[in-house]
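Trainee: please find the sequence and the predicted model below.
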Amino acid sequence: MRSMSLKLLALPLFMGLAGNAIADGRQAIIIANRSYETLSNVSSATSALALSQDLRAAEFEVSTFSNLDARAMRRALTTMENAIETGEEILVILSGHIASSASGYWLLSTDAAQPSALMSGDNALSIDALARVMSASGGSAVLLFGDSKLSKLKAPQGVTVFSGDTSSLVSLVRDGLLIEGRSIANVADSAARGVVASGYLPNNRAFLSGSTQTVALPDGISERDIEDFLFAKAKAENTEDALSEFLQRYPTGTNARAAQRLLSDLTRSPTDIAREVEIALHLTRSEKQTIQSDLTLLGYDTNGVDGIFGRGTRAAVARWQAANGLGRTGYLTQAQISLIQDMATDARQQVERNDAAYWRQTGRSGTAEGYIAYLNRYPEGIFADLAKQELGELQSASEARAWVNARQINTEDGYRAFLDEYPNGTYTDEAQARLAELAPVGPTQAQIDLAKSQEDKAMANPIFRVLAEQRLAAAGFGPGGIDGRFDDNTREAIFQYQQANDLPATGYLDVNSINRLLND
């Protein structure tokens, strides 16, 4: 037991001694912005953090920053400026969304919105200004940009610039810049495809020219002890930087799998976590329909209550979450579902109170107008069935009174007025029958006068009259003599012909009768 305690005491002491062995003057800054609030995530940014261990092994003092929002980025500036001022060899690697504007290039903070040409520096780090500060330090300075080709960046004097895929830049640092004595020009020439080099690229100067120091392990402390100690330390910090650094040093170590699980949990977005939480609830279709119904009642339209959480429901959930100060993920927890149910219950109770109050204003009057007003506002309300029943009885009584009145008047106009008001009422068929009885049979005098006028014009020539008599005779309607004179026999023949052919039976050859007769 005593031996183990001594080991535990010795490890932090050893780590402290190892830290003191780092040479003054070598400074490294790593900024890895992976998780953005409104822009897409930059998954490769995390790989830049893996350089921490290599840089420390090369005697660099390393400052790492990840997922900096605007406020955190401003706080980090002091640390960065101090590191650059004290550095003789300075290496800065940036990875995340990089945008350009009229005033230069910018590393966007994680809370930045979609960049535009008019963007300000409030939510971004000016890369041009950073390069100028590095140049003013007078040391050997290398600036690297992950996932971006900044070929238009005008590097200040003495600053070497590399841009390209983050993983390629990580390899370039490990296998090139950190090799002592290797010239910067040679590193640039050997860079992976897609990496762009610019600025200060000398053939006769290396980025590192000093020698690294090593610290021997104290007696009784094994490499496994160091791994366990560093894992416990990384686990206690529980940050992407700490866990990534541990995995870089011990990628296949005893604690590697546990560290990977912890890192995975940290790098999951809030939406990913919320989705898994909701899936674990195993909501049934009926439960989902209830949630959709509750949200709709609360004013968040889900585009239907079908038990399917599609785009409309997710948008409604997100709006409800935002309105209630909750994380806007579009996915629900059990606590949020309970809150929605409570809010919907309160809303229903308020609707019922309003329903009852309006019924007191309208339904209690006992008038058709009152019942209609209530049903227009609350078609499915508490008193809807009663209002429909009472309204039906009132309308039946009103129809009965109107029918008695129509029978007493007993005119065409009276029956037509009744049918206009009650087209589908109880007495509709009887009213239509009475109207048919009162309607005149045969053509009106106006129809007869019009037919006579058309015959006088069309049959002015006796030849046409003879032709008409011939056609009537051929059709089996005896017109009497075929002499062009339309006597009583002729009129009767015309009348019968019109009846047989569903024409207005006037006894006179109107235009329609002439056309039919002459064309048959």
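Mentor: Sure, I can see it.

Trainee: how about Phe486, secondary structure?
Mentor: Following DSSP: H, G, I helix; E, B strand; the rest coil, the label given to Phe486 is coil.

Trainee: that one reaches Pro462, doesn't it?
Mentor: No - between Phe486 and Pro462 there is no contact under C-beta atoms under 8 Å: 10.4 Å. All C-beta spots, glycine's among them, are computed from the backbone N, C-alpha and C.

Trainee: count of neighbours near Tyr300?
Mentor: 20 (other C-beta atoms under 10 Å).

Trainee: quick one: it from Gly25, how far?
Mentor: Look at Tyr300 and Gly25: by C-beta to C-beta, to the nearest Å, they are 59 Å apart.

Trainee: again with Glu237
Mentor: On the measure of C-beta to C-beta, Glu237 and Gly25 end up 27 Å apart.

Trainee: more crowded one of these two?
Mentor: The neighbour comparison of Glu237 against Gly25 (other C-beta under 10 Å) goes to Gly25, with 16 against 13.

Trainee: for Asp228, see how far away Leu55 is.
Mentor: Counting by C-beta to C-beta, the gap from Leu55 to Asp228 is 23 Å.

Trainee: which of these two has more residues huddled nearby?
Mentor: It is Leu55, of Leu55 and Asp228, that has more neighbours when counted by other C-beta under 10 Å, with 24 against 18.

Trainee: what pLDDT is listed against the more buried one?
Mentor: Leu55 carries a pLDDT value of 92.

Trainee: where does this structure have low pLDDT?
Mentor: The chain contains residues with pLDDT under 70 at 1-24, 114-121, 139, 147-152, 210-220, 439-441.

Trainee: let me see the domain layout of it.
Mentor: Listed by automatic domain parsing, the domain ranges of the chain are 1-21+217-267, 22-199, 271-359, 369-438, 445-519.

Trainee: out of those, deepest packed?
Mentor: Stretch with highest mean neighbour count among the domains of the chain: domain 22-199 (a mean of 19; mean count of other C-beta atoms under 10 Å).

Trainee: that one: how far from the chain's middle?
Mentor: For domain 22-199, the separation from the chain centroid amounts to 35 Å (computed by C-alpha atoms, centre = their mean, to the nearest Å).

Trainee: can you check stretch 465-483 too?
Mentor: For stretch 465-483 - counting by C-alpha atoms, centre = their mean - the centre lies 82 Å from the chain centre.

Trainee: cool, and stretch 338-350?
Mentor: 26 Å.

Trainee: pull that stretch out as PDB, backbone CA atoms only.
Mentor: In PDB, the C-alpha atoms belonging to stretch 338-350 read as follows (Å, rounded to 0.1, in the frame of the first residue of the first chain):
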ATOM      1  CA  SER A 338     -45.100  16.300 -19.400                       C
ATOM      2  CA  LEU A 339     -44.800  20.100 -19.600                       C
ATOM      3  CA  ILE A 340     -46.600  20.200 -22.900                       C
ATOM      4  CA  GLN A 341     -49.400  18.000 -21.400                       C
ATOM      5  CA  ASP A 342     -49.700  20.300 -18.400                       C
ATOM      6  CA  MET A 343     -49.800  23.400 -20.600                       C
ATOM      7  CA  ALA A 344     -52.400  21.800 -23.000                       C
ATOM      8  CA  THR A 345     -54.500  20.900 -20.000                       C
ATOM      9  CA  ASP A 346     -54.500  24.500 -18.800                       C
ATOM     10  CA  ALA A 347     -55.300  25.700 -22.300                       C
ATOM     11  CA  ARG A 348     -58.200  23.200 -22.600                       C
ATOM     12  CA  GLN A 349     -59.600  24.400 -19.300                       C
ATOM     13  CA  GLN A 350     -59.400  28.000 -20.400                       C
END
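
Trainee: who's in contact with that stretch?
Mentor: 290-291, 293-295, 297-298, 320, 324, 332 (C-beta atoms under 8 Å, 6 or more residues apart in numbering).

Trainee: now, among the residues you listed, which is nearest to Glu278?
Mentor: Nearest to Glu278 among the contacts of stretch 338-350: Leu332, at 5.4 Å, using C-beta to C-beta.

Trainee: how about the strands of the chain, start to end?
Mentor: With DSSP state E as the criterion, the chain has strands at 26-32, 61-66, 89-95, 98-101, 104-108, 124-126, 140-146, 159-164, 196-199.

Trainee: as CSV, these with distance to Ala417 would be great.
Mentor: Putting the strands of the chain into CSV (distance: least, C-beta to C-beta, whole Å) gives the following:
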stretch, distance to Ala417
strand 26-32, 85
strand 61-66, 84
strand 89-95, 85
strand 98-101, 77
strand 104-108, 77
strand 124-126, 79
strand 140-146, 86
strand 159-164, 88
strand 196-199, 91
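
Trainee: of all those strands, which lies closest to Ala475?
Mentor: Closest among the strands of the chain, using C-beta to C-beta: strand 98-101, at 94.1 Å.

Trainee: same for the closest one, what does it pack against?
Mentor: Packing contacts for strand 98-101, counted by 3 or more C-beta pairs under 8 Å, 6 or more residues apart in numbering; DSSP states H and E, involve strand 104-108.

Trainee: the strand it packs on vs strand 159-164, what angle?
Mentor: Inter-element angle recorded for strand 104-108 and strand 159-164: 60 degrees (by axes from the mean of the first three to the mean of the last three C-alpha atoms, to 10 degrees).

Trainee: strand 104-108 vs strand 89-95, what angle?
Mentor: Using the same axes, to 10 degrees: strand 104-108 against strand 89-95 is 70 degrees.

Trainee: now, which of the contacts of stretch 338-350 sits nearest Gly480?
Mentor: Looking across those and measuring by C-beta to C-beta, the closest to Gly480 is Ser293, at 83.8 Å.

Trainee: so who does the closest one touch?
Mentor: Ser293 neighbours (C-beta under 8 Å, 6+ apart): 305, 344.

Trainee: for it, give its distance to Glu287.
Mentor: If you measure Ser293 against Glu287 using C-beta to C-beta, the figure is 11 Å.
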